[in-house]
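Asks: here is a sequence together with a model predicted from it:
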Amino acid sequence: MNFRSLTRGDGVVIGAAVLLFIASFLDTFDGDEAPNAWDNGNLLMSVYLAGIIGAGLIVVGRAMGAQRKVAGLDLGTFGIGLTFAAAWSSLGAIFDTGQSYDKFFELLNARFGASGGGAESPDAGVGLILGLIGALVLVAAAVASNIVPALKAPLMGAPRPVAPQPYGGQPQGGYGYPGAQSQPYGAQPGQPQQPSFGGQPQGGGATPPPAAAQAQPAAADFSPFWFAVPVPRPLYPEDGSPTPIAELAPGTWYLAVEQRGQSLVAQTQDGRRGVLQDTTGIQRG
């Protein structure tokens, strides 16, 4: 679960969920000793808890990627549906503030001698009003997070290396940093460096073999580097298949090992390689 993949829209969703949680403890009606949402199970479940659970599913779905599903739907899609239900129920609660308390008010009017057999619906309290505002902000942010570019930006920027070094420098630990032993581009990991003829260390003046001499111009044109993506982006197979093999998430450093036109061949944490077609806005390490 990568919480660095959360966007600014997810931050607004979290804030709206917090507002709903606070509003559930405030007065539902305008008056002294008025009940709150926790005294009305129907109101609590349909507005406040539905919105909070929906926000949680959106955030968890974003952090986990498109892996977990509920009833065949992505967690984020299912959560957006719950936020719509919460906003709709909140509108109904504002227009009909009496709800299941109508009989309660009728009994009060009868006990204290109020005239008339009907009971007037009370005015909406601060709990209902803030609940409506929170539910509307929640559903708006849940939908706009996938549409508005400003809300697609990462909530937390990708962490930069503690001590940025060129490829082949000393390691700092963890994926996203060069290995402990410098190897030329194209060498297999773990393959020992063979000394040249005569016992001279490699790179000590010996003439490279013809194959290596031919590979040097291509390697000189591109140097591998570490990068992070601003938003989740698919990684496609090198054979050109249209089905992505992985998704690059913000907040993680990936190694670019080759450039093909405007695309990059990137390597994931588990060693898979693929083509990143959209390289706009990437952050180099």
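Replies: Cool, got the structure. Numbers count the residues shown, from 1 in each chain.
Asks: next, the residues that contact the host helix or strand of Ile129 from outside, please.
Replies: Assigned by DSSP states H and E, Ile129 belongs to helix 126-144. With contacts defined as CB atoms under 8 Å, 6 or more residues apart in numbering, helix 126-144 is touched by 9, 12-13, 15-17, 19-20, 22-30, 36-37, 47-48, 51, 54-55, 58, 79-80, 83-84, 86-87, 89-91, 93-94, 97, 151. (Glycine included, C-beta is placed from N, CA and C.)
Asks: quick one: low-confidence ranges for the stretch 151-285 of the chain?
Replies: In the predicted model of the stretch 151-285 of the chain, residues 157-220 satisfy pLDDT under 70.
Asks: could you pull out the helices for it?
Replies: Remark: helices assigned in the stretch 151-285 of the chain by DSSP state H, counting those that start in this stretch are 210-221.
Asks: all strands for it, in order.
Replies: Using DSSP state E, counting those that start in this stretch, the strands assigned to the stretch 151-285 of the chain run over residues 225-228, 233-235, 246-248, 254-260, 263-267, 273-276, 283-284.
Asks: redo those strands as CSV? Include distance to Ile133 and mean neighbour count.
Replies: Formatted as CSV, the strands of the stretch 151-285 of the chain follow (distance: least, CB to CB, whole Å; neighbours: other CB atoms under 10 Å):
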stretch, distance to Ile133, mean neighbour count
strand 225-228, 35, 20
strand 233-235, 34, 20
strand 246-248, 34, 19
strand 254-260, 40, 18
strand 263-267, 43, 20
strand 273-276, 41, 20
strand 283-284, 36, 13
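Asks: in TSV: those, plus distance to Ala144.
Replies: Converted to TSV, the strands of the stretch 151-285 of the chain look like this (distance: least, CB to CB, whole Å):
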stretch	distance to Ala144
strand 225-228	24
strand 233-235	20
strand 246-248	22
strand 254-260	28
strand 263-267	29
strand 273-276	26
strand 283-284	24
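Asks: count the residues that sit near Ile129.
Replies: Using other CB atoms under 10 Å, Ile129 is surrounded by 18 other residues.
Asks: start the count at 202 instead of 1 going forward.
Replies: With the count now opening at 202, the last piece we talked about shows up as Ile330.
Asks: ok, now how distant is it from Pro451?
Replies: 36 Å (CB to CB, to the nearest Å).
Asks: for Leu356, same thing?
Replies: Where Pro451 is concerned, Leu356 sits at a distance of 9 Å (CB to CB).
Asks: can you check Tyr249 too?
Replies: According to CB to CB, Tyr249 and Pro451 sit 31 Å apart.
Asks: which helix runs longest in this protein?
Replies: Assignment by DSSP state H gives helix 276-296 as the longest helix of the chain.
Asks: buried residues of stretch 330-344, list them for me.
Replies: For stretch 330-344, the neighbour count (16 or more other CB atoms under 10 Å) marks 330-333, 335-343 as buried.
Asks: contacts for the longest helix of the chain, please.
Replies: 221, 244, 247-249, 251-252, 254-259, 261-263, 265, 269-272, 274, 300, 325, 329-330, 332-333, 336-337, 339-340, 343-344.
Asks: count of residues packed around Gly242?
Replies: Gly242 has 11 nearby residues by other CB under 10 Å.
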